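Undergrad: model this:
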Amino acid sequence: MKRIVVLGSTGSIGCQTLDIVRAFPGEFQVVGLAAGSNHHLFRQQIDEFKPSYVYCIDPPDSLAPRSIYLPMEDMVSLPEVDVVMAATSGAAGLVPTVNALKNGKAVALSNKEPIVIAGALLKEYEDRYGGAILPVDSEPSAIWQCLQGEKGHVRRLIITASGGPFRTMPLEDLSEVTPQEALQHPTWQMGPKITIDSATLMNKAFEVIESHWLFGVPWGRIEVVIHPQSTVHSMVEFADGSVKAQLGPPSMRLPIQYALFHPERRRNPDDTLIPRLDTRVPQSLDFRPLESERYPCFRLALDAAQRGHTYPAVLSAADEVAVNAFLNGKIRFTDIHQVVETVVNNHRHSEGETLEQLLAADAWGTEEAQRVVAELA
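TA: Residues are numbered from 1 along each chain as shown. From the prediction side, this is the model:
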């Protein structure tokens, strides 16, 4: 039995993780749950899974009278924990992820920001303390699956992107996009932050950064192509020219289940829980080049990542502030790029070799982005 902590349990990935736990009775024990402000759903999860430890932002009275209230960074370090599902949003998952790896835990990583901010540090801790980073994000999971059993040289990683809801919209109309329109992703059902990041393709740049650190592939050998159907989740090209792809309907439950049971593949007892690729109906697979002028956040993010040091931390912080400002009607959709670019250009970096330096950069990026947003608003 694997003993698991779920961070972000009331979010999309957290809820789907608990769906997998339900489908395999006797395989998992939920040791801890951590959530945000959805107290009603959190109470239901606590009543069902009876975790020994809980954490909640602004907890109400008597949230879990039979559980111990414990911060996330302490919960993941408990000796009785085997696996941590990191499904928080933004930089909130950084310190818990670092602590889990320092304590030799397996971290099923759905939250991109920790590895975007601190990729080198997380890989160092993974190697030094014997923990493991298990990709849950759909595209890195697809690459991970394609690499299983392979010993040959990797020539390219090819990450697919749907292109978001504005893939064909005239560029001059993008400034008038509303939050409601931007939240209508054409193929995936996700939380608000990642949905907006998918519309700007910031999310796809984060996946390139994530894949660079997870698989040790140089920047120049990671490509992104537009694939509107979201059926091919990623591809790997090997030295001999062979290309392997992982396919399936847009669903996060398969990557979650694959990470939780790795290195095994398990059949889910509930055949309806994970959708199957239906080859009885006509299918088409289209691949198109990425239009850089349509997605300026993509190149901005990769430039910041390749500059290294504390630039990725500031990038992540500025994006989080900018997306929140757009969702709250304070700035335009096209202002997201302007905010992030201004903050990154204003940054005076430090080496970014320690957690303290990275957290300081994240705090500076947040404050600077708030200042830039206030000027635009």
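
Undergrad: show me where pLDDT drops low in this protein?
TA: For the chain, the stretches flagged by pLDDT under 70 are 60-62.

Undergrad: so where do the strands sit in the protein?
TA: 2-7, 28-35, 53-56, 68-69, 83-86, 106-109, 132-135, 154-161, 222-226, 232-238, 243-247, 288-289 (DSSP state E).

Undergrad: what's the closest of the ones you listed to residue 205?
TA: When those are compared by C-beta to C-beta, strand 222-226 sits nearest residue 205, at 8.2 Å. Every C-beta, even on glycine, is put in place using the N, C-alpha and C of the backbone.

Undergrad: just the CA trace of stretch 148-157, in CSV.
TA: Extracted C-alpha coordinates of stretch 148-157, given in CSV (Å, rounded to 0.1, in the frame of the first residue of the first chain):
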residue,chain,number,x,y,z
GLN,A,148,10.8,3.8,-21.1
GLY,A,149,13.0,0.9,-22.2
GLU,A,150,15.0,3.1,-24.7
LYS,A,151,18.7,3.3,-24.6
GLY,A,152,19.3,5.2,-27.8
HIS,A,153,20.3,8.8,-28.3
VAL,A,154,17.4,11.2,-28.2
ARG,A,155,17.5,13.5,-31.2
ARG,A,156,14.4,15.6,-30.4
LEU,A,157,11.6,16.0,-28.0
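
Undergrad: count the residues that sit near residue 176.
TA: 11 (other C-beta atoms under 10 Å).

Undergrad: buried residues in stretch 107-122?
TA: By neighbour count on 16 or more other C-beta atoms under 10 Å, the buried set for stretch 107-122 is 107-119, 121-122.

Undergrad: which of the strands of the chain is buried the deepest?
TA: strand 83-86 (a mean of 29; mean count of other C-beta atoms under 10 Å).

Undergrad: how about residues contacting that one?
TA: 2-8, 13-14, 17, 76, 93, 96-97, 100, 105-111, 114, 134, 136, 256, 260 (C-beta atoms under 8 Å, 6 or more residues apart in numbering).

Undergrad: just the helices in this structure please.
TA: 12-23, 39-49, 72-75, 94-102, 113-129, 138-147, 179-182, 192-200, 202-215, 253-261, 296-307, 311-327, 335-346, 355-376 (DSSP state H).

Undergrad: can you put those in a markdown table and add distance to residue 169?
TA: Listed next are the helices of the chain as a markdown table, based on distance: least, C-beta to C-beta, whole Å:
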| stretch | distance to residue 169 |
| --- | --- |
| helix 12-23 | 25 |
| helix 39-49 | 34 |
| helix 72-75 | 39 |
| helix 94-102 | 34 |
| helix 113-129 | 27 |
| helix 138-147 | 23 |
| helix 179-182 | 9 |
| helix 192-200 | 10 |
| helix 202-215 | 17 |
| helix 253-261 | 29 |
| helix 296-307 | 15 |
| helix 311-327 | 16 |
| helix 335-346 | 15 |
| helix 355-376 | 22 |
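
Undergrad: closest to residue 55 out of these?
TA: helix 72-75 (5.3 Å).

Undergrad: which positions in that closest one come out as buried?
TA: Of the residues in helix 72-75, 72, 73, 75 count as buried by neighbour count, 16+ other C-beta under 10 Å.

Undergrad: which ones are touching residue 375?
TA: No contacts exist for residue 375 under C-beta under 8 Å, 6+ apart.

Undergrad: cool, and residue 185?
TA: Here residue 185 is in contact with 162, 164, 165, 195, 198, 199 (C-beta under 8 Å, 6+ apart).

Undergrad: wait, which of those is closest to residue 250?
TA: Nearest member of those to residue 250, counting by C-beta to C-beta, is residue 162, at 8.3 Å.

Undergrad: wait, that closest one touches residue 186, no?
TA: Yes: applying C-beta atoms under 8 Å, one finds residue 162 in contact with residue 186, separated by 5.9 Å.

Undergrad: who's in contact with stretch 352-360?
TA: Stretch 352-360 is contacted by residues 94-95, 98, 117-118, 120-121, 308-313, 350-351, 361 when judged by C-beta under 8 Å, 6+ apart.

Undergrad: and residue 315, how far is that from residue 85?
TA: As for residue 315, its distance to residue 85 is 25 Å (criterion: C-beta to C-beta, to the nearest Å).

Undergrad: check residue 117 too.
TA: Here the criterion is C-beta to C-beta. By it, residue 117 lies 19 Å from residue 85.

Undergrad: next one: residue 34
TA: Distance, residue 34 to residue 85, using C-beta to C-beta: 10 Å.

Undergrad: next one: residue 369
TA: From residue 369 over to residue 85 the distance is 28 Å, taken as C-beta to C-beta.

Undergrad: next one: residue 254
TA: 15 Å.

Undergrad: residue 279 now?
TA: 31 Å.

Undergrad: count of neighbours near residue 197?
TA: Residue 197 is flanked by 24 other residues according to other C-beta under 10 Å.

Undergrad: what's around the residue nearest to it when sequence neighbours are not counted, how many residues?
TA: For residue 197, ignoring the flanking residues on the chain, the nearest one in space by C-beta to C-beta, 6 or more residues apart in numbering is residue 203 at 3.6 Å. For residue 203, the neighbour count with other C-beta under 10 Å is 24.
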